[in-house]
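Peer 1: got a structure for you, letters missing:
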């Protein structure tokens, strides 16, 4: 067996028993996935996933970044290719390097999929590579492994994708019109039209203008176009926006200053400070619109994206080379909070890659401002130790009720149940330790476990 | 029962037994409270506390910041009002939101007071709100719950308040002259006359001049007035000063530069950099005076105070909206340490809100400089996890003997025994783990437990 | 007994058993010491160590910094003196303050040496001071305690020293020519000729020119001299370089810019920014040379060296007053990584003193770039808690295979086996917890334990 039923629970017997009991109550709750990067087209088309390598290796930068760090060539893994020429060869490379994932969450997620979905129970290695490949490949051709069937098997209540304002959302519409009951909703991710450093920034804004019929060469037309675009998303079930900025900087400029700044960056004349200021102002603009239209706002700051120059040039964006840096929230968010921080009807979910901010800035902010909530550990920290540290660092100041449940945030569809399972187990482990140390009563722990798994995420994301 | 006798101890049996044994030896030691924000007037007047809401909700920003973060209005809680109109209504709001405190230290402190002082043993909730209110309210009218009686019941050996140089200290004097044996001493907190950003800075300095009969419009007169003011505090039992600066920046200017800087900030002409430089210089001046008069110096840096603009404007300072930020000590303290760092007769106690500094800067500094000691975890970190992290991050480099015991730092008088009890339990838990891992012998752990509870605080604060 | 056989292992029985089993397999593996500060001359001359104080107190800044922090005078400890006048007196001071080391790694290392090497089993204290002194002093005069005998008894497979480019390396040569089989190799530490802030920078460069016969007053001659110097080290078994810079800043200037910068700093005209830029450029130059000659590159950034002005003036460098500060890697390393980051044949080992960078920057960097590996916890963090935190913070993102085993990094020869023993125990404890939580299978844990102790260090350092 690849998986032990007590995995990730506390080792000590008394706490272990509590963890088991808590987990038994919540393990079968539906999955709410309010933030991720799967493709709605999979469910619109409902075609079989092509092969094991294309499913497990190619889209998962957690996987190929580790292989690359140890000298495996990205070309040999088919990264950046539309289709993999020899997927079995890629799979064998992956299998023979599977030991590299010891101690990592990828190992736990993969083993979960291998055992729970494909019935494999011997460890993946060079020796078992072909057996794995053949088993997975055969199952992928069966109706039970079509995207919609898996969606249902995973007990997904909602699945949220991430989409640019200029996206047609055809796949989302197609799912809605198909008669299939799976609930797939978009999230409004406007980086391409609010971040002057995004490739094609001005062209993206012009395209947004065409789509919405607004003159996006003016500040007021641009804002109106964004409002219309948000409304279009909302009509398709969208309840949230997402903002992936290099910092958490916000600003609250006068209309005339903001308008002049827009003209400057739209025409490509803004320097680095002005481009940063524009992003900062746009967070506040987005928050103002959220207060109007009710979309929940997510801020994902602190990543230096596409850090590896050669990988960016050769393979493009989002290839596992995003590296976090020091992040400030306390000063950066003040302009936005001075304006909107006390609004009870606004929800802003803050994410972090700099764990030193959890107890220092984020929990104190979320434990005070009515509009703030803390997102779950993200990217490098959605791991057993990372999630445990998050609870240990956040709970004493922000409590449980200023957090919002789990995000799988994944491009790897098959990892969704595994990732939620890890999160549920770690939350139960954390609660079990509190109970075993007599810091929380057991009846309360049951209530909190349910909230962390299901209640808080639905409430926070208005799903 | 609200409290388990083994709460906060290690779960594993062998370590648990050691923790119990250590705790049994120190749990009844007198409480030394060398730093806090209770009111000497309570003990001077010895009047009953008015009602449960005024006692537990209104003064405790740990409590109302959490309620506020979840949408409860501060007006509905009576925050900022001299007297609460309907304290039972406030209490009911608090009770019905008591679940928000799950996993927080406030929950532990409150349950301790409810059970140990008021004999309550059913959990506070909407359902038990009135029973709580009536029980507490009735007891508060009995002689056993008058401030002096509680002081004695709490086994307080010393209680330190925090006072501005311009404070009359009448309440302290009144206690001393009353014949009552309770030892209440002031701490000298000169922020109002050394921080140019403090409201009324120049007026405060002029008032200091009147009080001391010195010309505080000159640098030399100002310093002389501060010396006299410190002497006045010292005569009333004061052994320490306290400095709540936004950063830990220090400076060591020439007399002429310092004098010119003083003129500039006193006249209100200093820019932000000059105001910061003045605070920096004043830390060094205070350290020089401490070397002369023996007052122990406490530095509490790193908090962006009154972060919420609206709350500051409507409710005033210290309303739970202080948010920590990144703090540098290694560069900031160098000017002061270059001048005075090797003085054995000087004691400077450093506090932190940025936990990343504990192992990186503070333990290395305190583990080297003779004048430095580490204060206990402060504000958001005086919690079970926060205190445990502090020991884990500080001890290996600074040892136990460069730390100074516990500060309750509270405005909530009734939480004092609860807070010290949590600190004692966590120290015993930490020591028990060391013993169980054979990193410390049990006889040594007993000695250290006594030092952490009683010996080191008396020595460090010269009490 | 001073040492328990289960020290540092998990307390819980199930994990404890796994830890014991893992440790039993690796405890007797040879010691590879790829980075340290022992003196090759000890082994060249093979003379007895003079006395207990000169052996245990004088060279160990972990020891005397703690004593100094608690008011013991450095003069009384013989610090900074060529020979200690009254070593027994120094020893007695040390013994009577031994309780200060409770909870520190020094205590564990010292107790190990006392018991395992000198057969002492009663705790060091004022009372046992003379017994300790006499016992140790007597043994030091026996052949079994000569440096070479201890080297063999410690089962050292390789011992690496740290040497300046201008060092004659006579002691290393003498060992090689002596016929004795002990393998002692130098590491190339060019701070004195690449850091313009190093005392005697220009003179050191001129001396390098004389040694190598190159005109080091020109940029090209200077680089050539460094290449020749590296080759000289390599001939004597050197496999690595080491760089102790205040920051991790790198640069990638054009040849003409670099040449002009060199002229400027060599002539003593560079300002602080230029001196920093020169260090930054030299890291990239060293990395380019490493790609050519195969020397593994170590970067030790983030320490503000010789922080205590008075101690520096009176006692010199490296007297325990190095204090870490905030360190940035993600921006600082980008110029070097943009140029060389994807080179599989280059190995750069990154060290950290700012633990907040481990999960935020270092593990993400090392888990992606083929040239990067993570060095073990260093200076203040090579302790039980520090090493455990390192594994918890690094493994989930970088895995085990992007780490490089343990460095003892010590000036205290007798602490080498103790330090490696602590590292082995903590790695086994970490692995045992993974096994007990079913995050790793036991057969894999055995494999990993061997790699962490022996395999990865030999591979990373090419030893």
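Peer 2: Everything's here; your move. Bear in mind the structure is a predicted one, so any value in this text is a computation, not a measurement.
Peer 1: in which helix or strand would I find residue A:409?
Peer 2: When elements are assigned from DSSP states H and E, residue A:409 belongs to no helix and no strand.
Peer 1: quick one, what contacts it?
Peer 2: Counting by CB atoms under 8 Å, 6 or more residues apart in numbering or on different chains, residue A:409 makes contact with A:35, A:36, A:37, A:378, A:379, A:382. (Each C-beta comes from the backbone N, C-alpha and C, glycine too.)
Peer 1: just give me the longest strand of chain A.
Peer 2: Across chain A, the longest stretch assigned as strand under DSSP state E is strand A:156-163.
Peer 1: can you pull the buried residues of the following helix or strand past that one?
Peer 2: Counting by DSSP H and E, the next helix or strand C-terminal to strand A:156-163 is helix A:170-177. Going by neighbour count (16 or more other CB atoms under 10 Å in any protein chain shown), the buried part of helix A:170-177 is A:171, A:172, A:174, A:175, A:176.
Peer 1: with adjacent residues omitted, what lies nearest to the last one?
Peer 2: Going back to what we said before, that points to residue A:176. In space, and not counting its chain neighbours, residue A:176 is closest to residue A:236: 6.9 Å by CB to CB, 6 or more residues apart in numbering or on different chains.
Peer 1: ok, now which ones touch that neighbour?
Peer 2: By CB under 8 Å, 6+ apart, the contact list for residue A:236 reads A:169, A:172, A:173, A:176, A:185, A:186.
Peer 1: excluding its backbone neighbours, what's nearest the second one?
Peer 2: Using CB to CB, 6+ apart and skipping the chain neighbours, the partner closest in space to residue A:172 is residue A:40 (4.8 Å).
Peer 1: SS state for residue A:298?
Peer 2: Using DSSP: H, G, I helix; E, B strand; the rest coil, the secondary structure recorded for residue A:298 is strand.
Peer 1: and for it, the neighbour number?
Peer 2: Applying other CB atoms under 10 Å in any protein chain shown, we find 27 residues neighbouring residue A:298.
Peer 1: residue A:368 versus that one, what's the distance?
Peer 2: Relative to residue A:368, residue A:298 is positioned 20 Å away (CB to CB, to the nearest Å).
Peer 1: ditto for residue A:405
Peer 2: Per CB to CB, residue A:405 is found 21 Å from residue A:368.
Peer 1: these two: who's more crowded?
Peer 2: Neighbour totals were compared for residue A:405 and residue A:368, and residue A:368 leads with 28 against 22 (other CB under 10 Å).
Peer 1: now render the buried residues of helix A:170-177 as a markdown table, adding pLDDT.
Peer 2: Formatted as a markdown table, these follow (pLDDT from 0 to 100):
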| residue | pLDDT |
| --- | --- |
| A:171 | 98 |
| A:172 | 98 |
| A:174 | 98 |
| A:175 | 97 |
| A:176 | 96 |
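Peer 1: in the stretch 101-250 of chain A, which residue sits nearest chain B?
Peer 2: In the stretch 101-250 of chain A, the residue found nearest to chain B is residue A:248; the distance is 12.4 Å by CB to the nearest CB.
Peer 1: hmm, that residue is touching residue A:303, no?
Peer 2: No - look at residue A:248 against residue A:303 with CB atoms under 8 Å: they stay out of range, at 11.3 Å.
Peer 1: nearest residue to the middle of chain A?
Peer 2: Nearest residue to the geometric centre of chain A (CA atoms, centre = their mean): residue A:409, 2.3 Å.
Peer 1: mind listing what's buried along stretch A:395-403?
Peer 2: A:395, A:396, A:397, A:398, A:399, A:400, A:401, A:402, A:403.
Peer 1: can you give the contact residues for it?
Peer 2: Residues outside stretch A:395-403 that contact it (CB under 8 Å, 6+ apart): A:359, A:362-364, A:366-367, A:372-376, A:394, A:430, A:448, A:451-452, A:456, B:66, B:69-70, B:99-105, B:380, B:383-386.
Peer 1: find the closest residue to chain B in the stretch 301-450 of chain A.
Peer 2: residue A:438 (3.6 Å).
Peer 1: helix/strand/coil for the spatially closest residue to residue A:415 that is not a sequence neighbour?
Peer 2: In space, and not counting its chain neighbours, residue A:415 is closest to residue A:109: 4.5 Å by CB to CB, 6+ apart. Here residue A:109 takes the helix state, with states given by three-state DSSP.
Peer 1: given the longest strand of chain A, what are its sheet partners and their directions?
Peer 2: strand A:31-33 (parallel), strand A:184-188 (parallel) (DSSP bridges).
Peer 1: can you list the buried residues in stretch A:119-137?
Peer 2: So stretch A:119-137, judged by 16+ other CB under 10 Å, has buried residues A:120, A:123, A:124, A:128, A:129, A:132, A:133, A:135, A:136, A:137.
Peer 1: is chain C contacted by it?
Peer 2: Yes - Stretch A:119-137 is in contact with chain C by CB under 8 Å from any CB of the partner chain, via residue A:123.
Peer 1: buried stuff in stretch A:325-332?
Peer 2: Applying a neighbour-count criterion of 16+ other CB under 10 Å, one finds A:325, A:326, A:327, A:328, A:329, A:330, A:331, A:332 buried in stretch A:325-332.
Peer 1: pLDDT of the longest strand of chain A, averaged?
Peer 2: Mean pLDDT, computed over strand A:156-163, is 98.
Peer 1: near chain B, which residues of the stretch 201-350 of chain A?
Peer 2: Where the stretch 201-350 of chain A comes near chain B, counting by CB under 8 Å from any CB, the residues are A:326, A:328, A:330, A:331, A:334, A:337, A:338, A:341, A:342, A:344.
Peer 1: wait, which of these is closest to residue B:44?
Peer 2: residue A:342 (37.6 Å; CB to CB).
Peer 1: if we can go back for a sec, quick one, what contacts the residue of the stretch 301-450 of chain A closest to chain B?
Peer 2: B:3, B:4, B:6, B:7, B:8.
Peer 1: mind checking the SS state of it?
Peer 2: Quick answer, by three-state DSSP: residue A:438 is coil.
Peer 1: what does the stretch 351-463 of chain A have sitting close to chain B?
Peer 2: A:356, A:359-361, A:363-370, A:372, A:392-393, A:395-402, A:433-434, A:436-441, A:444, A:447-448.
Peer 1: that concludes my questions; thank you for your assistance.
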